[in-house]
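Novice: Need coordinates for the below:
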Amino acid sequence: MRESKAERFRRVAEARVNKIIKMVRHLGNCANLQTYAYDAAQSEKIFAALQDELGAAKERFSDSGKNGKKRFSLADPVEPAEDVLPQISMQLPDGTTLRATAHQDTDYPSINIEWIKGSTEKSELVCFAEFNPERGPAGQLCIGAYRSDQDDTTYYKPYMAAERIEE
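Specialist: Predicted coordinates:
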C-alpha cells in the first residue's frame with residue numbers, strides 16, 4: 001500500500017525537523033568558551049543567517065514562496081532582513097550577556113534590554129525605554145524596569161513624576 005502525500009509529508013517533515021533541532025543543539029555547543037573563542041558580532045551573524053533561512057523556508061510554505069539556496073559563511077557580509085532589529089550585546093564577567101534591541105515602531109519606538117543566561121539563549125526582559133505619544137509632553141519618554149518578584153513594571157519616577165503633576 002502506497003503512503004499518501006500527507007503521510008509522506010509528515011514522515012519526511014518530522015525527520016527533517018528533528019535533524020535540524022539536533023544540529024541547532026550541536027551549534028549551541030560552540031558557545032562553550034572553554035573550547036571556542038568568538039565575538040558577539042560572529043554570534044549575531046550566525047543567528048541572523050539562521051533566522052533568514054527560517055524565514056525563507058516559512059515563506060516557501062506560502063503561495064508567494066521562492067527557492068533561494070545559499071551556503072552560509074562567516075566571511076559573507078550580513079544583509080539583515082527588513083524585520084531584523086539593530087542589536088548590541090555585551091558579555092558580562094559571569095558568562096551571561098546583556099542585549100539591547102531597538103524596535104522601530106512608528107508609534108511606540110523603544111529599546112529593550114534582555115539578560116541572556118547560558119548558552120541556551122534563555123532571556124529575561126530587564127528594562128526598556130519607550131516613546132509613548134499618548135502620554136503628556138513631560139511623560140512621553142517612559143523608562144521601565146521589570147522585577148522577577150513582581151508582575152507589574154516599575155517605572156523610573158522622574159519621567160513619570162512630571163506627568164502625574166500635569167494630571
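
Novice: Next secondary structure after the longest helix along the chain?
Specialist: The single longest helix within the chain, with elements called by DSSP state H, is helix 5-29. Per DSSP states H and E, the first helix or strand lying C-terminal to helix 5-29 is helix 40-60.

Novice: ok, then the element right after that next one?
Specialist: Per DSSP H and E, the first helix or strand lying C-terminal to helix 40-60 is strand 87-91.

Novice: Just the mean pLDDT for that following strand, thanks.
Specialist: Per-residue pLDDT over strand 87-91 has a mean of 85.

Novice: now the angle between helix 40-60 and that strand, please.
Specialist: Computed by axes from the mean of the first three to the mean of the last three C-alpha atoms, to 10 degrees, the angle separating strand 87-91 from helix 40-60 equals 140 degrees.

Novice: what does the helix or strand that comes right after strand 87-91 rub up against?
Specialist: Using DSSP H and E, the helix or strand that follows strand 87-91 in sequence is strand 97-103. The contact list for strand 97-103 (C-beta atoms under 8 Å, 6 or more residues apart in numbering) reads 40, 85-92, 109-116, 123, 126. Bear in mind the C-beta positions are built from the backbone N, C-alpha and C, glycine included.

Novice: what about burial for those residues, which qualify?
Specialist: Buried members of the contacts of strand 97-103, counted by 16 or more other C-beta atoms under 10 Å: Gln87, Ser89, Ser110, Ile111, Asn112, Ile113, Glu114, Trp115, Ile116, Ser123, Val126.

Novice: from those residues, which two are the most distant?
Specialist: Using C-beta to C-beta, the pair of those lying farthest apart is Ser110 and Ile116, separated by 18.4 Å.

Novice: so where's the protein shaky on pLDDT?
Specialist: Along the chain, segments meeting pLDDT under 70 span 63-85, 118-122, 137-139, 157-167.

Novice: Put together a markdown table for the buried ones among the contacts of strand 97-103, with distance to Ala15 and secondary structure on each row.
Specialist: Supplementary listing: these in a markdown table, determined by distance: C-beta to C-beta, whole Å; DSSP: H, G, I helix; E, B strand; the rest coil:
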| residue | distance to Ala15 | secondary structure |
| --- | --- | --- |
| Gln87 | 33 | strand |
| Ser89 | 34 | strand |
| Ser110 | 41 | strand |
| Ile111 | 41 | strand |
| Asn112 | 37 | strand |
| Ile113 | 39 | strand |
| Glu114 | 33 | strand |
| Trp115 | 36 | strand |
| Ile116 | 31 | strand |
| Ser123 | 30 | strand |
| Val126 | 39 | strand |
